[in-house]
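Asker: structural data only, the sequence is not supplied:
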């Protein structure tokens, strides 16, 4: 099959999970580290509707937050902090020494900074007119390279 035969598609959640699983297999094989686990906390209202959640994974001593959202009607009431603290506590329980996430400049970088994150990389003009920020929080001061 040549590249000219490929056409864009709308992947199903199963398609995406298939790719995630293959990448995990490769990464685990290459590093010898196979302790990966999903991490998620969800908050639901009385009708069962999700009003906030944090989701990611832990692997190799790190916790990566991939999705973090609170419904606008539930913001500024402590739910985001509760979700974040729950994820951090679980990451520590799993032996993680750091947390990583990406956020856009128009999302909540100030929230993450207030919670101990620092910006370690910035991608300008992603999306156009904004920045994409890679942020990290050290959970174990002994793991920080400047304290070793």
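Answerer: Sure thing, it's come through. These figures come from a predicted structure and were not determined experimentally.
Asker: going forward, measure contacts between C-alpha atoms and count neighbours the same way
Answerer: Will do.
Asker: reduced to three states, what does residue 111 come out as?
Answerer: What DSSP: H, G, I helix; E, B strand; the rest coil gives for residue 111 is helix.
Asker: residue 18 versus that one, what's the distance?
Answerer: Separation of residue 111 from residue 18 (C-alpha to C-alpha, to the nearest Å) stands at 33 Å.
Asker: so residue 122 sits against residue 130, correct?
Answerer: No: with contact defined as C-alpha atoms under 8 Å, residue 122 does not count as touching residue 130 (10.2 Å).
Asker: which residues in the protein form strands?
Answerer: 37-44, 50-59, 62-70, 98-104, 118-124, 131-138 (DSSP state E).
Asker: and of those, who's closest to residue 90?
Answerer: Residue 90 sits nearest to strand 37-44 of all these, at 8.0 Å, using C-alpha to C-alpha.
Asker: show me how far the closest one is from its chain's centre.
Answerer: From the chain centre to the centre of strand 37-44 is a distance of 11 Å (C-alpha atoms, centre = their mean, to the nearest Å).
Asker: just the angle between it and strand 62-70, please?
Answerer: 20 degrees (axes from the mean of the first three to the mean of the last three C-alpha atoms, to 10 degrees).
Asker: name the residues of strand 37-44 that are buried.
Answerer: For strand 37-44, burial by neighbour count (16 or more other C-alpha atoms under 10 Å) applies to 39, 40, 41, 43.
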